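>>> requesting a structural model of the entry that follows:
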Amino acid sequence: MGKALQKFITVRYEQDHNAAKPVLRKFNIQAFPTLLVLDSSGAELGEVGAAHNAADFVKDLEHALSGKNTLPVLRAAAEKDPTDLEAALSLARYLSNRYAAETVRICKRILADGKDLSAEHEAELLFLQGYAEQNRGGDEAALVLWERVITKHPKTEGARDAVTMCSNVLPMLPPERGLAFLSKALELADEETREQLEYTRGYLYLRAAEAAYLKRGENAGDDPNMLNMAAWECFLHGWHTEKATQWARKAVRLSRRAPHILDTLANLLFKQGKIAEAIRLEEEAMAKASEPDMRAEFEENLAKWNAAKVLRAERVKPAKR
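Residues are numbered from 1 along each chain as shown. Alright, predicted model coming up:
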């Protein structure tokens, strides 16, 4: 171990401990674990990332304690010459994880000046500003910036970073917004990132379907088939169970208790633990059903639900003395 680590005190704070709260606020810590190197006065020198082995970890610590590229050094360089693009970028890179507001200010200032910015530099600034916006909860603001990156500078490292990171914000936004961004991002993704983006796209399609069926149910009026379709899709996916049950009850009444709609309501009720009512409705549905396949499906449901009813009765049966 190098000389820089011969006098080193380790302090660990648990996230939910009262003593940790002022520390979390002071250093803007959002993720855990976060490993910071401080000087003897408690000022931040650097952050140590997760290392794969002890040797790399010690190397990172020694680098933080060496005085090179520490936070005070980066701040001093940026303050000494505000026109020094590399100094400002180095500071923004360091700050972007935990000091979002300051990162946004730095990036906005440089972008507003716009002098002598290469495509790589502009793309990195837009990405860093978006990353910082995301870290302070501005998901839409982040996506707007990353959209500019991949549209204006698609071949840059900043664009690749935006494509890699976008899955963190897309699930938080309206699905149609996310899907529009993905249509562009997928063209730039490498194989590994594409797999993640395809998963995100599937999730957004499902959310879009959820919104569509919710709207369909709310706008169905007195159409029992539309009400039933929306209720059934909600049952299949576990969406809006209470609303779906209301739609199904209305559809049962409007359809004069059609068997397939009785079955929808019965399935929703069983899912909510209302077994006795579900069984009564399914028995009515089977009595009214004329198609063999439908009757077989209802009969299978009744067999499972009656078994569940017996099992529930066994669980609540008082113990013998």
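
>>> so which elements touch the helix or strand of the chain with the lowest mean pLDDT?
Taking mean pLDDT, DSSP states H and E as the measure, the chain has helix 54-65 as its least confident helix or strand, at a mean of 77. Applying 3 or more CB pairs under 8 Å, 6 or more residues apart in numbering; DSSP states H and E, one finds that helix 54-65 contacts strand 35-38, strand 44-48. All C-beta spots, glycine's among them, are computed from the backbone N, C-alpha and C.

>>> what angle do it and strand 44-48 make?
160 degrees (axes from the mean of the first three to the mean of the last three CA atoms, to 10 degrees).

>>> hang on, the earlier thing: tell me which of the helices and strands packed on helix 54-65 sits nearest to residue 118.
strand 44-48 (27.5 Å; CB to CB).

>>> for the helix ranked longest in the chain, packing partners?
Of all segments of type helix in the chain, defined using DSSP state H, the longest is helix 191-218. Counting contacts by 3+ CB pairs under 8 Å, 6+ apart, helix 191-218 is packed against helix 157-165, helix 175-185, helix 224-237, helix 241-254.

>>> can you redo those as TSV with distance to residue 191?
Below are the helices and strands packed on helix 191-218 laid out as TSV (distance: least, CB to CB, whole Å):
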stretch	distance to residue 191
helix 157-165	12
helix 175-185	14
helix 224-237	30
helix 241-254	39
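
>>> I'd like those laid out as JSON lines, including distance to residue 80, mean pLDDT and mean neighbour count.
Formatted as JSON lines, these follow (distance: least, CB to CB, whole Å; pLDDT from 0 to 100; neighbours: other CB atoms under 10 Å):
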{"stretch": "helix 157-165", "distance to residue 80": "26", "mean pLDDT": "96", "mean neighbour count": "22"}
{"stretch": "helix 175-185", "distance to residue 80": "38", "mean pLDDT": "95", "mean neighbour count": "18"}
{"stretch": "helix 224-237", "distance to residue 80": "58", "mean pLDDT": "97", "mean neighbour count": "21"}
{"stretch": "helix 241-254", "distance to residue 80": "61", "mean pLDDT": "98", "mean neighbour count": "20"}
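
>>> ok, which of these comes nearest residue 119?
If we rank these by CB to CB, the stretch that ends up nearest is helix 157-165, at 8.7 Å.

>>> so how far is that closest one from its chain's centroid?
The chain centroid and the centroid of helix 157-165 are separated by 17 Å, computed with CA atoms, centre = their mean, to the nearest Å.

>>> stretch 137-144 too?
Distance, centroid of stretch 137-144 to centroid of chain: 13 Å (CA atoms, centre = their mean).

>>> show me which residues of that stretch are buried.
138, 139, 141, 142, 143 (16 or more other CB atoms under 10 Å).

>>> and if you look at stretch 210-220?
Those would be 210, 213, 214, 216, 217, 220, for stretch 210-220 by 16+ other CB under 10 Å.

>>> and if you look at stretch 42-57?
44, 45, 46, 47, 48.

>>> show the average pLDDT along stretch 268-287.
For stretch 268-287, the mean per-residue pLDDT is 97.

>>> same question for stretch 38-52.
pLDDT averaged over stretch 38-52 gives 76.

>>> alpha carbons of that stretch, as CSV, please.
The C-alpha coordinates for stretch 38-52 follow below in CSV (Å, rounded to 0.1, in the frame of the first residue of the first chain):
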residue,chain,number,x,y,z
LEU,A,38,-12.3,13.5,2.1
ASP,A,39,-9.4,15.5,3.3
SER,A,40,-8.7,16.1,7.0
SER,A,41,-11.1,19.1,7.0
GLY,A,42,-13.9,17.0,5.6
ALA,A,43,-13.8,18.6,2.1
GLU,A,44,-14.5,16.2,-0.8
LEU,A,45,-11.4,15.1,-2.8
GLY,A,46,-13.0,12.5,-5.0
GLU,A,47,-15.4,9.6,-5.5
VAL,A,48,-14.2,6.0,-5.8
GLY,A,49,-16.2,3.8,-8.1
ALA,A,50,-17.0,0.2,-7.5
ALA,A,51,-13.8,-1.8,-8.2
HIS,A,52,-13.6,-5.4,-9.4
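
>>> picking that back up, give the next helix or strand downstream of the least confident helix or strand of the chain.
Following helix 54-65 in sequence order, the next helix or strand is helix 71-80 (DSSP states H and E).

>>> picking that back up, closest to residue 18 out of the helices and strands packed on helix 54-65?
strand 35-38 (19.3 Å).

>>> in its sheet, what does that closest one sit against?
Sheet pairing here is set by DSSP bridges, and for strand 35-38 it gives strand 44-48 (antiparallel).

>>> can I assume residue 182 is in contact with residue 201?
Yes. Shown here, residue 182 and residue 201 form a contact pair, counting by CB atoms under 8 Å, at 5.2 Å.

>>> circling back: and which of the buried residues of stretch 210-220 is nearest to residue 247?
Top of the list for closeness to residue 247, among the buried residues of stretch 210-220 and by CB to CB, is residue 217 at 4.9 Å.

>>> thank you, goodbye.
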